[in-house]
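Visitor: Here is my input, please return the structure:
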Amino acid sequence: MTLGRSQLERWIEGRLPRPVVTGVTGARRFPRRPIKRIVLLGRLPNPTYDYYFAGRLAADGMPPYDVVDIREGEPTSIDPEGAFLIVCRYATRPVLAWIERNAGQLAGVVLFIDDDIPAVVTGRDATLGYRLFLSFRALWPLRRLNPQLDAVWTSTAPLAGTLATRNVSVLPPAPARYLWQRNPNVSPVMAADRSSGILIAFHATAVHREEHRFLRPIIRAVLDQRPQVRFEVFADEKAAVLWKGIDRVSIRKPLPWAAYLADGQARTIDIMLVPLSPSRENDSRAPTKRIDVARYGAAGIFSASFAYGEPDDSNELRLPYDPEAWRNSILVLIDDEAMRQRAAAITSALAAEMGGRAESGIPDLFPDLSRGGRSALHPVNGVRGRG
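Guide: Modelled structure (predicted):
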């Protein structure tokens, strides 16, 4: 069940640009010509590339590839002949100009998206600055990018379902091993530092203000009942206000992606919380936070949702969006170290299972890789790499 949206929000959302594979482009052969090289274009480094493409592009048998930061201007060092372009979320005017100028030589152009961006732009949780950024970097460029598209790839089936266009496929997360595997040089005992108690964390991005409001009274009650517990929260300036004045709460600004990866490889967190409020944006999310929980070696508590599923025989902790259920489960985990270890092992195994997808690369593009393996792409509606 999702929260209601106002008539104005729906009106604005209906007029925002969306990815569309046009009739002319859709009639082309896909890929248009033999693929000599894959070129991924994005704002790098970023989690989208690491979660979905780093492992796949490095898979055995995949073609050579380049990973290009679009903030550096036109990718003039790339030979367009036979290049297969993956536009990762964003495009700039210089990149669009390069694509248009070289369209006749390219092997194909796809757009990959992993958020319901129109819903975020018209929603209530993201900051105005972030909504403007998405509008100008992810939505406005579609007016020029759409005529060049051969396909759209999305992270989840619900996200694909928001697109009224042809040639949409689902490419689920496939994290490389370094993203989910624990650093062997960091032991739980050393990193958790039991002399300072048990650490609980909520690592949120700028679009999860509702989840901050949900967790605040829960965490306050937990801290009142368990004096050995500390809480760490990543929060922007507006969300940070909710946490001020509570003892044993450490408020941190969200880290750049490379720094966040390093942080997860350097220490252990005992319990990590992954609530998802009922919303349009969250209905389209993929279970990528599970990867972060595994990297920190934490016992995770997740919202029962499309992203993480309902409770099942995996025994991963998935709860309804109910304060009492979350408070009680957190208290049980605090008091039961063996249960924390089991929960951490379960989430680590599920993250490893996600990572196994990377081994097959993107076999729909390269049929020789598909023999005996599963397809990486599921159709709906019909930084340098290797040299």
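
Visitor: ok, which stretches of this protein are strands?
Guide: 37-42, 65-69, 83-88, 108-113, 151-154, 168-170, 198-203, 229-234, 249-252, 271-274, 299-303, 317-319, 378-380 (DSSP state E).

Visitor: Just name the most buried of these.
Guide: Greatest average neighbour count among the strands of the chain goes to strand 271-274 (a mean of 27), per mean count of other Cβ atoms under 10 Å. Just so you know, the C-beta spots here come from the backbone N, C-alpha and C atoms, and that holds for glycine as well.

Visitor: so where do the helices sit in the stretch 51-200 of the chain?
Guide: 55-57, 93-101, 117-122, 128-134, 142-145, 157-161, 177-180, 188-192 (DSSP state H, counting those that start in this stretch).

Visitor: which stretch in those helices has the least confidence?
Guide: Per-stretch mean pLDDT for the helices of the stretch 51-200 of the chain is lowest at helix 188-192 (a mean of 48).

Visitor: quick one: the nearest residue to S155 once chain neighbours are set aside from Y52, how far?
Guide: What sits nearest to S155 in space, not counting adjacent residues and going by Cβ to Cβ, 6 or more residues apart in numbering, is D114, at 3.8 Å. Distance, D114 to Y52, by Cβ to Cβ, to the nearest Å: 7 Å.

Visitor: likewise K36?
Guide: In terms of Cβ to Cβ, K36 sits 22 Å off from Y52.

Visitor: quick one on the thing from earlier: can you list the strands of the chain in CSV and add mean pLDDT?
Guide: Formatted as CSV, the strands of the chain follow (pLDDT from 0 to 100):
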stretch, mean pLDDT
strand 37-42, 96
strand 65-69, 96
strand 83-88, 96
strand 108-113, 95
strand 151-154, 94
strand 168-170, 91
strand 198-203, 97
strand 229-234, 96
strand 249-252, 96
strand 271-274, 98
strand 299-303, 98
strand 317-319, 97
strand 378-380, 58
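
Visitor: The ones you listed: which one's closest to T48?
Guide: strand 83-88 (5.6 Å; Cβ to Cβ).

Visitor: pull the CA atoms of that closest one into CSV?
Guide: Extracted C-alpha coordinates of strand 83-88, given in CSV (Å, rounded to 0.1, in the frame of the first residue of the first chain):
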residue,chain,number,x,y,z
ALA,A,83,30.4,0.9,-29.5
PHE,A,84,27.5,-0.3,-27.4
LEU,A,85,26.5,2.6,-25.0
ILE,A,86,24.9,2.1,-21.6
VAL,A,87,23.8,5.5,-20.3
CYS,A,88,23.7,5.1,-16.5
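
Visitor: Which neighbouring elements make contact with that strand?
Guide: Judged by 3 or more Cβ pairs under 8 Å, 6 or more residues apart in numbering; DSSP states H and E, the packing partners of strand 83-88 are strand 37-42, strand 108-113.
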